[in-house]
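> I would like the atomic coordinates for the input below:
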Amino acid sequence: YTVRAEHTDNSNDKFSWGIGSEYRNDYAMFENQGSYNSNLDANYNTFGIFANTGYKFNDNLIGSFHFRTDDNSTVGNNDSLKIGLQYNDILPNLNLRTSYSEAHKLPSLYELSGADNFGYKGNMNLNSELSESIELALDYSIDTKSMFSFTVFESEITNLIEYSSNTYVNSSGIAKQSGLEVAYNYINEKSQFKVFATSLSTKKANGTDQLRRPEHSLGANYVKVLDKGLNFNIDYEFFGKHFDTHNVTYNTITMPETHLVNIGLSKDYHGYDIGFRINNLLDEDYEKPHGFSQNKQKLGFFIKKSF
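Numbering: from 1, shown residues only. Sure thing, here's the model as predicted:
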């Protein structure tokens, strides 16, 4: 579960800011019986504090800065930041965006604490993966309601988590990622539609492909404001074939593509956003990573309040 509080202030024409905090508890438990016996019963907590600010230098140039610090009960402290610039109308209807960011990715509970009867044992000494990324994007506005975006990016990753000798370790060296994304976004007073496609190249420090990172992915999202304050949402996600580690033999294998559809309905009730969501509407049977079946069709209810 996650508890989050955030406050933003956009009252100044040139300067905006926001602060917030988030507490998240991750818990996982399972036990597989039979010829292959794998088990996990573990949890960790993460408490984060974040802040952001934006400044409008003039009608064309806007800057932004985001910072976040997270303290995980098992892994410890990690910081993230992002610095961005946007230059509007470098050509008619064409905007330029660029950013630099530093981020981290926590090890999973299974990588830390899992075990099986073939000798695998998690590594409680794992550190978070660390990344540095640069991004350059062009946004072309067809009209006031629709826009095409083209983005290229490149990242370097240290402390990459890899399977080695019956456990997971942080590898040495620098892994590299690069890719491009093409997106189209349409919005009006009653609806919003977005579709995007991504092509990704990922290499370990030794030049081989990274695991669990599909070369191709795409998605779409549609939001519609209905009568009586109701909001309808549907989204689609596609993840292409990718390499993974077999959870019994530990050989590198190819995982199949997956198609996920989620829908939701919500209503604003006296400042509270109340609704339900059905994840994996088509009841897709898939594993992520290999050997770990993900939720099939699942119904959930939520209530949210913005301050």
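
> Give me the local confidence score for the residue nearest to the spatial centre of the chain.
With distances taken as C-alpha atoms, centre = their mean, residue 105 lies nearest the centre of the chain, 10.0 Å away. Residue 105 carries a pLDDT value of 96.

> Mind listing the residues bridging to it?
residue 129 (DSSP bridges).

> how close does it sit to residue 203?
17 Å (C-beta to C-beta, to the nearest Å). Backbone N, C-alpha and C define where each C-beta goes, glycine included.

> From the rest of the structure, what touches the helix or strand residue 193 falls within?
According to DSSP states H and E, residue 193 maps onto strand 191-203. Identification of contacts with strand 191-203 by C-beta atoms under 8 Å, 6 or more residues apart in numbering yields 175-187, 209-210, 213-225.

> Now the buried members of these.
175-177, 179, 181, 183, 185, 210, 213-214, 217-223 (16 or more other C-beta atoms under 10 Å).

> returning to that earlier point: now do the following helix or strand past the strand holding residue 193 against strand 191-203, angle only.
Next in sequence after strand 191-203, counting helices and strands by DSSP H and E, comes strand 216-225. Relative orientation of strand 216-225 and strand 191-203, computed by axes from the mean of the first three to the mean of the last three C-alpha atoms, to 10 degrees: 160 degrees.

> Let me see the ranges of the helices in this protein.
Here the chain has its helices, by DSSP state H, at 109-113.

> Kindly list the longest strand within it.
Secondary structure of the chain per DSSP state E: the longest strand is strand 38-56.

> buried ones in that strand?
38, 40, 42, 44, 46, 48, 50, 52, 54.

> partners of that strand, with directions?
strand 15-31 (antiparallel), strand 61-72 (antiparallel), strand 115-116 (antiparallel).

> By mean pLDDT, point me to the weakest helix or strand of this structure.
Least confident helix or strand of the chain, by mean pLDDT, DSSP states H and E, is strand 115-116 with a mean of 86.

> Which residues outside that strand are in contact with it?
36-40, 121-122, 247.

> out of those residues, which one sits closest to residue 1?
Nearest to residue 1 out of the contacts of strand 115-116 is residue 40 (C-beta to C-beta; 18.3 Å).

> what are the bridge partners for the closest one, then?
Where residue 40 sits in a bridge, its partners, by DSSP bridges, are residue 30.
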